[in-house]
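Undergrad: Sequence first, then the predicted structure:
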Protein chains: 2
Amino acid sequence: MAGSRPPARRAPTMRDVSRLAGVSPMTVSRTLADPGLVSEEARRRVLAAVDQLGYVPDRGAGSLSSRRTGFVALIVPSLINPNFADTAAGLTAAMRPRGYQPLIGVTGYSVSEEEVVLRAMLSRRPDAIVVSGMHRSPAARDLLARAGVPVVEIWDRPEAPIDRAVGFSNYAVGRLAAETLVAKTRVARTDIARSNVARTGAARRTEGAVRIAGLGPARTGETRDFRGEERLRGFRDGLAAAGLADAPILHHGSVAGAFTQGAEAMAALLARGGAEAVFLVSDIPAFGALMECRRRGIRVPEDVQILGFGDFEIGRQCVPRLSTIAVDAAEIGRRTGALVLDLLDGVAADPAVIDLGFSLLLRETTVAESGG
Amino acid sequence: MAGSRPPARRAPTMRDVSRLAGVSPMTVSRTLADPGLVSEEARRRVLAAVDQLGYVPDRGAGSLSSRRTGFVALIVPSLINPNFADTAAGLTAAMRPRGYQPLIGVTGYSVSEEEVVLRAMLSRRPDAIVVSGMHRSPAARDLLARAGVPVVEIWDRPEAPIDRAVGFSNYAVGRLAAETLVAKTRVARTDIARSNVARTGAARRTEGAVRIAGLGPARTGETRDFRGEERLRGFRDGLAAAGLADAPILHHGSVAGAFTQGAEAMAALLARGGAEAVFLVSDIPAFGALMECRRRGIRVPEDVQILGFGDFEIGRQCVPRLSTIAVDAAEIGRRTGALVLDLLDGVAADPAVIDLGFSLLLRETTVAESGG
DNA sequence: AGGAAGCATGGTACCGATACCAAAGCAAGC
DNA sequence: GCTTGCTTTGGTATCGGTACCATGCTTCCT
């Protein structure tokens, strides 16, 4: 009958293989771990026995003895966020050929949950730990510092890393966003003045205070998007440096359902009088904001310019294509994987902090450079 | 200096805790596993020692002895696909409160890779295995059947499950898609005839053969999206049942970069004369197709109706909102988690195959029911 | 020829927890 | 008072591998 399992007869062990092959268990172990150590003849017999029995080694048992588990803990806020999914995929791809298995822990952006997840990971004795961001509870930081294995903080650029870091400065992303929108607003006004369009909205925009807004996560509550907050902080500072200290910065709620949050934040901004240009801390809410504009017949970029962050696939595909500040999420994963492998091999030549940087991708939700 | 780790002094063991607390290791073990078994006094002393030493039990060692690892293997084609990410999140949420750790394996839709990943998982001796879909290599199926632990196939509705299954019939989804588009095409023609619009394209559509198309994955190659293929098969059969056996079914390539694939497939379809209505096997390429239409000034749903699958967040947010056939990906994960817990507790009351069904969500990329 | 060095193999002692059984301590029942 | 049974605790073996050391044999060198 479907649904029944064979009575769980014990899986064959190395001892079973060794008996069948007529060698000692040690020879079986060596054959599987480093075939070069055993004779051609022994290897042949062992592999035949492995095949015949369908033997799959128990790495848990091996780990206990060798004190290497082959696990790499990866703790991220969410797997739904394509950025972290990409990073997880990149890390996995880099490490699986060497037999490492990622242990993925998801915190749901919760500070307290990170600690719980971290404890669960540590009980599996990972050979290395990869965590996102640089902000965490003191207890969590302490657990990491005492873990006795390589620790890599990713997706940020800590001043004082616990051990290593692979990422970029979220604060600098925000600064660049501010500078970009300040410049683009100037371009837009020039274009409008030059083309002498008599539309009310456009006409109004060529005079008066520059209106640039930022939309990002709230800085309170149990769930926190610290990296988004950093970008928003950099953005605010960047605007202040350009003399726009009173620019509206609107905060939306929890990071879950980010599409909707972007739409709602944009609606709130419009209710407050709108803006000429808006920075959103992620492409996901930026897409939501873009769609909100479309629903209301607000033209992008003519009426409102939109700048996102992350270079998500969705921003490349939508119409108009989203201008964004790009980071290579998969590369963060791959680079972290390579670094971890080096550290585990004792070949740690890299600097403590690897800054992968970011790049500005001006597409269709910001205005083009003023021609001539 | 940043980047240096403390010399990896051995982590404290249960023995260290027992010495500090003045009890035997067994009492420590019991305190942690089932506190009700030890006296108030002993429990207090043990917990204090645990706290003082920062002891984290080694579950690998425990597993070896108890023959329960607390791992649940989850093998999916991709984590980038939000559907599987949602399912993974749902499964994780359901199982973590009971101390189970998901071991996520990603196959990249590759048949041969699934076998490799499965072997890697088996070497960790998971207490249960969850795999997506029902199509796999004979060797992989054999490994699963002999694993000696509960096996749950998800995201499909196998006739002969290896053990258990939680999902829905992808074939039936395709049939429903066909029926839906046949009906919707009739509605659209009626509307157009009634409103007497003189537009060339519209006029042409009220006569001649119904043109309904399907866009989905190729059925060859090393990477296969079997579930998408099933939906497309059901769609083709559904059209044939409606007398449209010669409807164009276009296949796109690898499942990676599905946004672009949808756009390209739509472009190819338009090059072949277009269609009145199109079914795409996932919302991701459906969104790509929708944007391709927008780039070309083709109106949706007036000129082309689009129906997707999956009810992804993106389809809820985009303009126009995507009509789709919805499945609850997170619920598949949660339900699977609950089933696995029951099986591990020996409370297996559920039927071998749990069909969660699906539902039709008619939003804005298909025409509304004809008024009156 | 004698000894050093290297290769292939095996034996033994763990790794750090839990299962299982034994036993001590104590209260209740006759 | 002694047995019975429950609660609480501890000792010992073991889970399935690998580290480490020892051994037998061959090869090569002086």
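TA: Structure received. Numbering: from 1, shown residues only, chains lettered A, B, ... in the order given.

Undergrad: can you give me the strands in chain A?
TA: Ranges of strands within chain A are A:71-76, A:101-106, A:128-132, A:151-154, A:164-167, A:212-217, A:249-252, A:277-280, A:305-309, A:323-326, A:353-355, A:359-361, based on DSSP state E.

Undergrad: Relative to DNA strand C, which of those strands is closest?
TA: In terms of C-beta to the nearest atom of the strand, the element of the strands of chain A nearest to DNA strand C is strand A:71-76, at 14.8 Å. Where you see a C-beta, it was placed from the backbone N, CA and C, and this is true even at glycine.

Undergrad: Neighbouring strands - and their directions - for that closest one?
TA: With DSSP bridges as the test, strand A:71-76 is paired with strand A:101-106 (parallel), strand A:128-132 (parallel).

Undergrad: That strand - what's its average pLDDT?
TA: Mean pLDDT, computed over strand A:71-76, is 98.

Undergrad: Name the nearest residue to the residue most central in space within chain A, ignoring sequence neighbours.
TA: Of all residues in chain A, the one closest to the mean position by C-alpha atoms, centre = their mean is A:Phe84, 3.4 Å from it. Once flanking residues are discounted, A:Phe84 sits nearest to A:Val76: 4.2 Å by C-beta to C-beta, 6 or more residues apart in numbering or on different chains.

Undergrad: Isn't that neighbour up against A:Leu103?
TA: No - A:Val76 lies out of contact with A:Leu103 (C-beta atoms under 8 Å); the separation is 11.6 Å.

Undergrad: Between the two, which has more neighbouring residues?
TA: Using other C-beta atoms under 10 Å in any protein chain shown, the more surrounded residue of A:Val76 and A:Leu103 is A:Val76, with 26 against 23.

Undergrad: pLDDT score assigned to A:Phe235?
TA: In this prediction, A:Phe235 has a pLDDT value of 98.

Undergrad: Can you give me the neighbour number for A:Arg45?
TA: 21.

Undergrad: Now do the same contact list for it.
TA: By C-beta atoms under 8 Å, 6 or more residues apart in numbering or on different chains, the contact list for A:Arg45 reads A:Ala21, A:Gly22, A:Val23.

Undergrad: What about these, which one has the most neighbours?
TA: A:Ala21 (23 neighbours).

Undergrad: who's in contact with that one?
TA: Contacts of A:Ala21 (C-beta under 8 Å, 6+ apart): A:Thr27, A:Val28, A:Ala42, A:Arg45, A:Val46, A:Ala48, A:Ala49.

Undergrad: In helices only, show me these.
TA: Secondary structure from DSSP state H places A:Thr27, A:Val28, A:Ala42, A:Arg45, A:Val46, A:Ala48, A:Ala49 of the contacts of A:Ala21 in helices.

Undergrad: Can I get those in CSV including pLDDT?
TA: Listed next are the ones in helices among the contacts of A:Ala21 as CSV, based on pLDDT from 0 to 100:
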residue, pLDDT
A:Thr27, 97
A:Val28, 98
A:Ala42, 95
A:Arg45, 96
A:Val46, 97
A:Ala48, 97
A:Ala49, 97
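
Undergrad: Just list whatever residues bridge to A:Gly214.
TA: Taking DSSP bridges, one obtains A:Ile249, A:Phe279 as the residues bridged to A:Gly214.

Undergrad: Could you double-check that it sits in contact with A:Leu232?
TA: Yes - under the criterion of C-beta under 8 Å, A:Gly214 makes contact with A:Leu232 at 5.6 Å.

Undergrad: which residues do these two both contact?
TA: Both A:Gly214 and A:Leu232 are contacted by A:Ile249, A:Val281, under the criterion C-beta under 8 Å, 6+ apart.

Undergrad: doesn't A:Ile249 make contact with A:Ala213?
TA: Yes - using C-beta under 8 Å, A:Ala213 is in contact with A:Ile249, at 7.0 Å.

Undergrad: More neighbours: which of these two?
TA: Set A:Ala213 next to A:Ile249 and count neighbours by other C-beta under 10 Å: A:Ala213 wins out with 24 against 15.

Undergrad: Could you find the closest non-adjacent residue to that one?
TA: A:Ala275 (4.0 Å).

Undergrad: how does chain A divide into domains?
TA: A:14-57, A:69-168+A:329-355, A:170-326 (automatic domain parsing).

Undergrad: tell me how far the ends of the second one are from each other?
TA: With C-alpha to C-alpha, to the nearest Å applied, domain A:69-168+A:329-355 spans 29 Å between its terminal residues.

Undergrad: Is there proximity between it and DNA strand D?
TA: No - using C-beta under 7 Å from any atom of the strand, no contact is recorded between domain A:69-168+A:329-355 and DNA strand D, whose separation bottoms out at 10.4 Å.

Undergrad: gap between that domain and the chain center?
TA: Offset of domain A:69-168+A:329-355 from its chain centre (C-alpha atoms, centre = their mean, to the nearest Å): 11 Å.

Undergrad: Say whether DNA strand C is contacted by it.
TA: No - for domain A:69-168+A:329-355, no contact with DNA strand C is found by C-beta under 7 Å from any atom of the strand; the gap never falls below 8.3 Å.

Undergrad: And A:Gly297, how far from A:Pro217?
TA: Per C-beta to C-beta, to the nearest Å, A:Gly297 is found 28 Å from A:Pro217.

Undergrad: Please read off the pLDDT at A:Pro6 from the model.
TA: Note for A:Pro6: predicted pLDDT of 51.

Undergrad: same thing with A:Gly221?
TA: 85.

Undergrad: A:Leu270: neighbour count?
TA: Count around A:Leu270 with other C-beta under 10 Å applied: 16.

Undergrad: same thing with A:Ala275?
TA: 25.

Undergrad: what residues are up against it?
TA: Residues near A:Ala275 by C-beta under 8 Å, 6+ apart: A:Arg211, A:Ile212, A:Ala213, A:Pro248, A:Leu269, A:Val304.
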